[in-house]
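Asks: next one to model:
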Amino acid sequence: MTLWSGISFNFVVLINLIVAFYYPFISNTTGLDSRISGLVWTCMLISLAVVITIPKSGHAIRTLIASSILRFIYSLGLVPTLWILGALNVSNKVVFIVSLMGNRGTFTKPMNQVMTDFQFMYNIGYLLVCLMGMFVHEFFYSILLFDLVYREETLVNVIKSVTRNGRSIILTAVLAVILIYMFSIVGFLFFKDDFLLEVDALSTALPIVNPETVKVAAGVIGGTTATTLSSVKVMASSSTPTHPRAHTLPPSCDNDTCHKAMNNINSTGITDVHVCMYVYNKHLACLVYCSHFFVVSKLQQMEEKLNSTENTTSLTETSGQDSESKERACDSLVMCIVTSLNEGLRNGGGIGDVLRKPSIKEPLFVARVIYDLLFYFIIIIIVLNLIFGVIIDTFADLRSEKQQKEEILKNTCFVCGLDRSAFDNKSVSFEDHIKSEHNMWHYLYFIVLVKVKDPTEFTGPESYVYDLVKENNLEWFPRMRAMSLATTDNDNEQNEMRNLQTQLEMTNKLVITLSQQLCDLKDQMAEQRKHKQRLGILNPAAGSMPTM
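Replies: Here you go, the predicted structure:
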């Protein structure tokens with residue numbers, strides 16, 4: 001789906017570029033220079049060859065499209081090229097909508113559920129705007145550029161930063177209006193004469209008539225090509241008709257008919273080339289036989305208007321500075337409110353930037369300074385920054401939520417919910433786990449399998465999963481566990497048991513050794529005790545012998 005929507009957006013960008021560079025469209029578009037035309041054909045052929053050999057070359061595709069559109073513009077014209085691009089965009093959007101309806105099962109849903117499907121209704125509106133751009137006006141294509149907001153999540157967050165806390169922003173704006181209303185009352189009561197705003201009066205210049213248009217139009221009427229206004233007059237005043245159909249028309253035009261045609265043209269108020277085309281289309285017969293009567297007069301009027309226009313333009317330029325004047329903008333309270341809202345909020349220094357600069361000798365000079373400073377600090381610095389702060393904080397929160405979601409999707413298994421850190425120092429890495437062991441697409445394929453497979457052919461696990469899927473029960477998902485981690489844990493337990501058993505055996509040996517040493521020590525102590533006893537028995541006998 002992203003491919004189709006991307007193609008539509010590229011078509012819209014190309015169409016709007018053509019409208020922006022070439023509107024208003026000129027029917028007689030000059031052809032390309034032979035060298036530029038050869039360069040365009042070369043780019044087309046080379047890029048086409050690259051696209052055929054390397055289908056995924058994006059730069060070659062863009063070059064082919066750009067050169068083809070440029071060739072269409074100067075071969076077919078601007079309007080046919082726009083119509084072709086619009087038709088391709090409509091066809092692409094129709095394919096996209098049909099695919100969307102098929103994938104979402106729109107044909108089987110009730111009408112109220114279809115009408116509440118935002119994505120479906122959005123694409124239907126997109127298609128209607130495409131059709132309006134094709135058949136109503138080219139400017140409708142500019143609306144389709146807002147599709148970028150729908151496609152990019154960052155721009156959606158920008159819009160949400162205003163709409164999420166819309167109530168706070170509206171209440172703050174209401175507070176600003178109330179404060180401006182109070183300042184307007186003070187200004188109306190004390191500083192009414194200071195509300196003098198500079199205005200520029202509109203100039204009433206005559207419409208500009210293009211002399212080249214007069215030449216071309218007169219040449220079309222006369223049936224030949226005229227290069228100067230004088231030659232047009234001579235050609236039009238010639239008694240011999242120059243139009244190729246002059247000899248086949250009945251001579252039914254007289255002075256009265258010419259008068260009627262002239263009055264009809266003058267009553268329409270049409271000038272310039274439209275007059276000549278009107279005469280050519282509606283009064284062809286009279287034009288051929290009465291060209292001397294009214295064509296020359298119309299050309300003379302248009303020539304006089306050209307001369308007067310040049311004089312008026314020069315007068316307008318010289319008197320531009322004199323047209324500037326000042327107007328009172330606070331004669332009523334409503335005008336004070338409108339001026340404070342319009343000028344006070346749009347100027348960086350508040351309402352004081354547009355009011356009359358007072359003299360230091362005026363009695364209300366200090367009050368005026370306090371008035372300007374209070375408006376600047378309260379409205380410009382505090383209230384407006386409160387509104388901007390709410391919007392900026394909301395956008396920061398939305399950006400943090402987006403980053404948190406991306407972090408969770410990047411570092412957490414979609415199936416079991418285990419974090420990346422659970423696979424540190426394990427035999428299986430996190431990337432291998434989400435790619436092979438818990439691939440979410442494999443689980444999706446398995447769900448589709450149990451839905452389309454004949455229930456009589458189910459295996460035991462498939463029957464178990466099928467029953468849980470019908471109940472929207474997710475107990476069959478391995479939550480917070482994985483077979484690779486379970487195997488690793490068992491291996492670790494066995495290793496620990498072996499280590500403990502080895503340590504136990506070593507401890508037993510040590511205990512046996514210590515016991516043996518203790519027994520030896522006891523024996524030694526017993527021997528020493530017996531030896532002392534023998535010595536004690538012998539010593540008293542030696543003490544009882546007589547001395548010599």
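
Asks: in the stretch 101-250 of the chain, what spans have low per-residue confidence?
Replies: The model of the stretch 101-250 of the chain has pLDDT under 70 over residues 203-250.

Asks: which residues in it form strands?
Replies: 196-200 (DSSP state E, counting those that start in this stretch).

Asks: so what's residue 93 up against?
Replies: Neighbour list for residue 93: 4, 8, 123, 126, 127, 130 [criterion: CB atoms under 8 Å, 6 or more residues apart in numbering]. For the C-beta atoms, the positions are set from N, CA and C on the backbone; glycine is no exception.

Asks: which of the residues in the host helix or strand of it are buried?
Replies: Here residue 93 is covered by helix 78-104, with elements defined by DSSP states H and E. Buried residues in helix 78-104, counting neighbours by 16 or more other CB atoms under 10 Å, are found at 78, 81-83, 85-86, 89-90, 92-93, 96-97, 100-101.

Asks: and what of stretch 178-196?
Replies: For stretch 178-196, by 16+ other CB under 10 Å, it's 179, 180, 183, 184, 187, 188, 191, 192, 194, 195.

Asks: need the contacts of residue 93 in TSV (columns: neighbour count).
Replies: Below are those laid out as TSV (neighbours: other CB atoms under 10 Å):
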residue	neighbour count
4	16
8	24
123	23
126	22
127	17
130	26
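
Asks: show me which of the residues you listed is closest to residue 24.
Replies: Lowest distance from residue 24 to the contacts of residue 93 (CB to CB) belongs to residue 130, with 21.5 Å.

Asks: pretty sure that closest one sits against residue 90.
Replies: Yes - here residue 130 reaches residue 90: they are 5.0 Å apart, a contact under CB atoms under 8 Å.

Asks: centre of the chain to the lengthiest helix in the chain, how far?
Replies: Secondary structure assigned by DSSP state H gives helix 483-543 as the longest helix of the chain. Taking CA atoms, centre = their mean, to the nearest Å, the mean C-alpha location of helix 483-543 is offset from the chain mean by 82 Å.

Asks: now do the shared contacts for residue 130 and residue 90.
Replies: With CB under 8 Å, 6+ apart, residue 130 and residue 90 have no common neighbours.

Asks: residue ranges with poor pLDDT in this protein?
Replies: Using pLDDT under 70, the chain drops low at 1, 26-33, 55, 57-58, 203-324, 487-495, 538-548.

Asks: returning to that earlier point: turn the buried residues of stretch 178-196 into CSV, columns for distance to residue 535.
Replies: Converted to CSV, the buried residues of stretch 178-196 look like this (distance: CB to CB, whole Å):
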residue, distance to residue 535
179, 116
180, 121
183, 121
184, 126
187, 127
188, 131
191, 129
192, 134
194, 131
195, 132
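
Asks: of these, which is the nearest to residue 45?
Replies: Looking across the buried residues of stretch 178-196 and measuring by CB to CB, the closest to residue 45 is residue 180, at 65.0 Å.

Asks: now do the same contact list for residue 109.
Replies: Residue 109 sits next to residue 117 when contact means CB under 8 Å, 6+ apart.

Asks: for it, what are phi and psi?
Replies: Here is the backbone geometry of residue 109 (degrees, to the nearest 10): phi -90, psi 150.

Asks: what sits against residue 116?
Replies: Contacts of residue 116 by CB under 8 Å, 6+ apart: none found.

Asks: distance check, it against residue 106.
Replies: Residue 116 sits 12 Å away from residue 106 when distances are taken as CB to CB, to the nearest Å.

Asks: residue 423 too?
Replies: 42 Å.

Asks: ditto for residue 59
Replies: Taking CB to CB, one finds residue 59 at 37 Å from residue 106.

Asks: same question, residue 38
Replies: 50 Å.

Asks: more neighbours, the two?
Replies: Of the pair residue 38 and residue 106, residue 106 is the one with more neighbours under other CB atoms under 10 Å, namely 15 against 11.

Asks: which residue packs closest to that one, ignoring adjacent ones?
Replies: If the residues on either side of it in the chain are set aside, residue 106 comes closest to residue 114, at 5.7 Å by CB to CB, 6 or more residues apart in numbering.

Asks: how close does that neighbour sit to residue 127?
Replies: 15 Å.

Asks: next one: residue 165
Replies: Distance from residue 165 to residue 127, by CB to CB: 34 Å.

Asks: swap in residue 402?
Replies: Distance from residue 402 to residue 127, counting by CB to CB: 30 Å.

Asks: again with residue 442
Replies: 37 Å.

Asks: ditto for residue 343
Replies: 44 Å.

Asks: next: residue 466.
Replies: 39 Å.

Asks: likewise for residue 329?
Replies: Taking CB to CB, one finds residue 329 at 48 Å from residue 127.

Asks: cool, and residue 193?
Replies: Between residue 193 and residue 127 the computed distance is 59 Å (CB to CB).

Asks: can you check residue 40 too?
Replies: Relative to residue 127, residue 40 is positioned 32 Å away (CB to CB).

Asks: could I get the contacts of residue 93 as JSON lines with distance to residue 456?
Replies: What follows is the contacts of residue 93, written out as JSON lines (distance: CB to CB, whole Å):
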{"residue": "4", "distance to residue 456": "39"}
{"residue": "8", "distance to residue 456": "45"}
{"residue": "123", "distance to residue 456": "41"}
{"residue": "126", "distance to residue 456": "46"}
{"residue": "127", "distance to residue 456": "45"}
{"residue": "130", "distance to residue 456": "49"}
